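Engineer: can't give you the sequence, but here's the structure:
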């Protein structure tokens, strides 16, 4: 049976930061994954060509460009739209036929704003009404190793 724990390396020794179920003298296999971000360009050399022969890159590019959004809306634009700034609403309507997108980061910021607003129920109803017009491009997909992974960077308003 295996488990994953965090540990700290100090004075030449790995010290578990969590409880472990081991008896004195038990041997373990350790895989070290640093939580420090890599610096330098070594990671570029190691990952270059990593998908060669594994991914139909032309098909992937076609899918990306076929579903490409022309305009990615910033959180501030949606907030202004919700606050009745007519110039913003008018511009969004002008751009909608070409494709509008909202990043999942912006969506999260909007939901947080609704949750902490003076009237969360009304704010959430407004956001839900806005959200009904959007089709999520973020989906769960089984990865090659069988685990679930998120696919897609944003949500897309239906084009007219």
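Structural biologist: That came through fine. Not measured: the values here are computed from a predicted model.

Engineer: can you give me the strands in the chain?
Structural biologist: 7-10, 13-16, 71-73, 100-103, 134-136, 139-142, 148-151, 154-157 (DSSP state E).

Engineer: What is the least confident helix or strand in this protein?
Structural biologist: Of all the helices and strands that make up the chain, the one with the lowest confidence by mean pLDDT, DSSP states H and E is strand 139-142; it has a mean of 39.

Engineer: and stretch 79-94, what's its mean pLDDT?
Structural biologist: The average pLDDT within stretch 79-94 is 94.

Engineer: Can you give me the buried ones in it?
Structural biologist: Neighbour counts using 16 or more other CB atoms under 10 Å place 80-82, 88, 91-92 of stretch 79-94 among the buried residues. In this view, the C-beta of every residue, glycine as well, is placed from N, C-alpha and C.

Engineer: Name the nearest residue to residue 88, ignoring sequence neighbours.
Structural biologist: If the residues on either side of it in the chain are set aside, residue 88 comes closest to residue 80, at 4.2 Å by CB to CB, 6 or more residues apart in numbering.

Engineer: was I right about the one you found contacting residue 90?
Structural biologist: No - counting by CB atoms under 8 Å, residue 80 stays clear of residue 90, with 11.2 Å between them.

Engineer: do you know how far the residue nearest to residue 88 is from residue 53?
Structural biologist: Using CB to CB, to the nearest Å, one obtains 48 Å as the distance from residue 80 to residue 53.
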